[in-house]
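Undergrad: Provide a 3D model corresponding to the input given below.
(chains A and B)
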Amino acid sequence: MKAKILKQTKLLAAKMRRYIIEEVYSAKSGHPGGSLSCADFIATLYDNHMNVDSKKPKDINRDRFVLSKGHCAPALYAALALKGFFPIEDLKTFRGINSYLQGHPNMNSVPGVDMSTGSLGQGISTAVGMALVGKREEKNYKVYTVLGDGEIEEGQVWEAAMCAAHYQLDNLCAFLDYNGLQIDGNITDVMNPEKVADKFKAFNWNVIECNGNDIVKLNNAISKANQYKGRPTIIIGKTTKGKGVSFMEGKYQWHGSVPNQEQYEQACQELNAVIAELEG
Amino acid sequence: MPETKNKIATREAYGRALVEFGATNDFYVLDADLSKSTMTTYFKNEYPRRHINMGIAEGNMMSVAAGIAAVGKTCFASTFAVFAAARGCEQIRNSICYPNLNVKIGATHAGISVGEDGASHQAIEDIAIMRAIPNMHVVQPCDAVSTRLAVKAALETDGPFYLRLGRLAVDEVYTEENCNFKLGKGIVLKNGFDLTIITSGLMVQESLKVAKSLEKKNISVRVVDMHTIKPIDEELIIQCAKETNRIVTVEESNIYGGLGSAVAEILCKYEPCKIKMIGIEDKFGRSGKPTELLEYYGLSAAKIESQIVDFLNDK
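TA: Got it, this is the predicted structure:
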């Protein structure tokens, strides 16, 4: 990966983080922890792989993205705004009564959102539906989806996994945001999903494990997934919940909490410093 | 209406309609390992590329159907009514109805007339569930001709549909020529002035028998085939209440939340009148032959008639 592209994608991820905090703080509600942990994957995807055009958000041949962990809408909205799908200033309206930026993604109100999600486990199934049509119609588009590690406790995820492998959906690439935390605590305490990689392998998926907050590794993993033939791929990305904001990192309490003014200012200070460094 | 000996189940007509309309409409059909019962097997034989078996996983099937619709292809998702509306309920709500996608649910084996399989397979609450979800259309045709037209209407109308279909072979009510099927518009099958029976599905045939029998007792009964339960034909319901004063609803589902409730919602708002709801009295089904079950649950023509006579006598 060329240094310039790497820097550009890192900058996108950093800006996304800054806007994630802005959205949640403006709304006084939302999910910062998981949004911050999956930001690097979404940034890498939209910067280097997603074949989409903000001027033609409904193009029939575009790649599709389904945020199966729909509560991390702040990350997706930030990416879409930064990629020109809608005005960046609208991010501050997130979750407001008159806003089109609903608490969880709504495909009919937000340009660039390909599926309405929010109820965990369903997004991956819809991605399977999109990929099935892609195969049967011999289309070249790819379908990407992001799953939470708590989300895979939903049985439907495994129905979808079985179906995707059965129909050899190599045009489907899932990312597992493996930050190890869910609302009530550590995933291993709430409902231990281990061994995740072995489970997906047993379901006949191509499994790639990497650092889910490392843009170079994520970029390589997505490229490999797109070249892989005959099976769907899951990139199991080890991530840090709350990544990029020191006091949020690794704390499940930040799954769905809002920073106070002091915390907001500190988060902005930290993220602005990263942005300034990358822009410098 | 002329009676014919040609008995066809609405699920059978559904399977045939998919094949017919599949020739000129580029839609997909999903099934959950029941294609020989839901009759989507006909479509599979004709258009294998557009038929996809989802295995025994109805929740996944509903969301996959939503994904198919989200990339621009109308999708029929078929399984038994109980597994569609109950097992797949939340997927229908969040993946299909909230985004208002073109998914048409072919829910076969509805009601107690499923027969020997018994309560676990007899959907009695599906109308109530599906009716309560925004954007959903709920349609229950009574015979082969109206089933074909219901499938056509579902294809021609944007948004999600719940097509409630039966297992049992039923008499034809309509001919191709005389079926004036319009989505959201009830059909007056027989005129009458002492009361109106509003019904749908295979209770239409039973209600027509009841009306004929009561006619001999000088009771004039209007029969309305309310094939579209949502959006319901408010205008016709109000008109019938005004003209006949009494309304009887007859349905092969729980009296709570079904067709009777839908009719009552309109009546109490615009034209309060005496109403009697005939249906399953908040009980689960059981095994038995379909005709025995209809008798057991008070839904045979004879049982419906005696309930109506009691109603007319204000018992």
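Undergrad: and the one helix or strand B:Ala150 maps to, what's buried?
TA: Element membership for B:Ala150 (DSSP states H and E) is helix B:144-156. Neighbour-count burial for helix B:144-156 flags B:Ala144, B:Val145, B:Ser146, B:Thr147, B:Arg148, B:Leu149, B:Ala150, B:Val151, B:Lys152, B:Ala153, B:Ala154, B:Leu155 (criterion: 16 or more other CB atoms under 10 Å in any protein chain shown). For the C-beta atoms, the positions are set from N, CA and C on the backbone; glycine is no exception.
Undergrad: wait, A:Asp149 sits on A:Asn179?
TA: Yes: the pair A:Asp149 and A:Asn179 qualifies as a contact (CB atoms under 8 Å) at a distance of 6.4 Å.
Undergrad: higher neighbour count, these two?
TA: Set A:Asp149 next to A:Asn179 and count neighbours by other CB atoms under 10 Å in any protein chain shown: A:Asn179 wins out with 28 against 25.
Undergrad: element containing B:Ser37?
TA: Element membership for B:Ser37 (DSSP H and E) is helix B:35-38.
Undergrad: just want the residue of chain A that's nearest chain B.
TA: Closest approach between chain A and chain B, counting by CB to the nearest CB: A:Gly129, at 2.2 Å.
Undergrad: helix/strand/coil for that residue?
TA: helix (DSSP: H, G, I helix; E, B strand; the rest coil).
Undergrad: quick one: neighbours of the spatially closest residue to it that is not a sequence neighbour, just the number.
TA: Counting by CB to CB, 6 or more residues apart in numbering or on different chains, the nearest residue to A:Gly129 once its immediate chain neighbours are dropped is B:Gly67, at 2.2 Å. When neighbours are defined as other CB under 10 Å, B:Gly67 has 32 of them.
Undergrad: who's in contact with B:Gly67?
TA: Contacts for B:Gly67 (CB atoms under 8 Å, 6 or more residues apart in numbering or on different chains) come out as A:Val66, A:Met115, A:Ser125, A:Thr126, A:Ala127, A:Val128, A:Gly129, A:Met130, A:Ala131, A:Leu132, A:Val133, B:Ser95.
Undergrad: now find how far off-centre the helix or strand following the helix holding B:Ala150 is within its chain.
TA: Once the chain leaves helix B:144-156, the next helix or strand it forms, by DSSP H and E, is strand B:161-164. Distance of strand B:161-164 from its chain centroid, counting by CA atoms, centre = their mean, to the nearest Å, is 7 Å.
Undergrad: show me the helices in the chain, by range?
TA: In the absence of a named chain, this looks at chain A. All helices of chain A, identified by DSSP state H, fall at A:3-27, A:32-48, A:73-82, A:122-136, A:155-166, A:187-191, A:196-202, A:215-227, A:261-279.
Undergrad: wait, I meant chain B there
TA: B:10-22, B:35-38, B:41-46, B:58-70, B:81, B:89-91, B:126-131, B:144-156, B:203-216, B:234-244, B:259-270, B:290-296, B:301-312.
Undergrad: looking at those helices, which is nearest to A:Ile88?
TA: Checking the helices of chain B against A:Ile88 by CB to CB gives helix B:58-70 as the closest, at 26.1 Å.
Undergrad: tell me the mean pLDDT over that closest one?
TA: Helix B:58-70 shows a mean pLDDT of 98.
Undergrad: specify the angle between it and helix A:122-136 in degrees.
TA: Here helix B:58-70 runs at an angle of 60 degrees relative to helix A:122-136 (axes from the mean of the first three to the mean of the last three CA atoms, to 10 degrees).
Undergrad: contact residues of the stretch 51-200 of chain A facing chain B?
TA: A:60, A:64, A:66, A:106-108, A:114-116, A:118-119, A:121-123, A:125-134, A:136, A:155-156, A:159-160, A:162-163, A:166-167 (CB under 8 Å from any CB of the partner chain).
Undergrad: can you rerun that using 7 Å?
TA: The stretch 51-200 of chain A comes close to chain B at residues A:60, A:64, A:107-108, A:114-116, A:118-119, A:122, A:125-130, A:132-133, A:136, A:156, A:159-160, A:163, as judged by CB under 7 Å from any CB of the partner chain.
Undergrad: on that earlier part again, mind putting the helices of chain A into CSV with distance to B:Ala81?
TA: CSV is the format used below for the helices of chain A (distance: least, CB to CB, whole Å):
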stretch, distance to B:Ala81
helix A:3-27, 40
helix A:32-48, 37
helix A:73-82, 34
helix A:122-136, 21
helix A:155-166, 20
helix A:187-191, 32
helix A:196-202, 33
helix A:215-227, 39
helix A:261-279, 51
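Undergrad: just send the ones you listed back as CSV, with mean neighbour count too.
TA: CSV is the format used below for the helices of chain A (neighbours: other CB atoms under 10 Å in any protein chain shown):
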stretch, mean neighbour count
helix A:3-27, 21
helix A:32-48, 27
helix A:73-82, 26
helix A:122-136, 29
helix A:155-166, 22
helix A:187-191, 14
helix A:196-202, 15
helix A:215-227, 19
helix A:261-279, 14
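Undergrad: give me the buried positions along stretch B:131-144.
TA: So, applying 16+ other CB under 10 Å, buried residues of stretch B:131-144: B:Arg131, B:Ile133, B:Met136, B:His137, B:Val138, B:Val139, B:Gln140, B:Pro141, B:Cys142, B:Asp143, B:Ala144.
Undergrad: nope, stretch A:106-114 is what I meant
TA: In stretch A:106-114, the ones that count as buried by 16+ other CB under 10 Å are A:Asn106, A:Met107, A:Val110, A:Gly112, A:Val113, A:Asp114.
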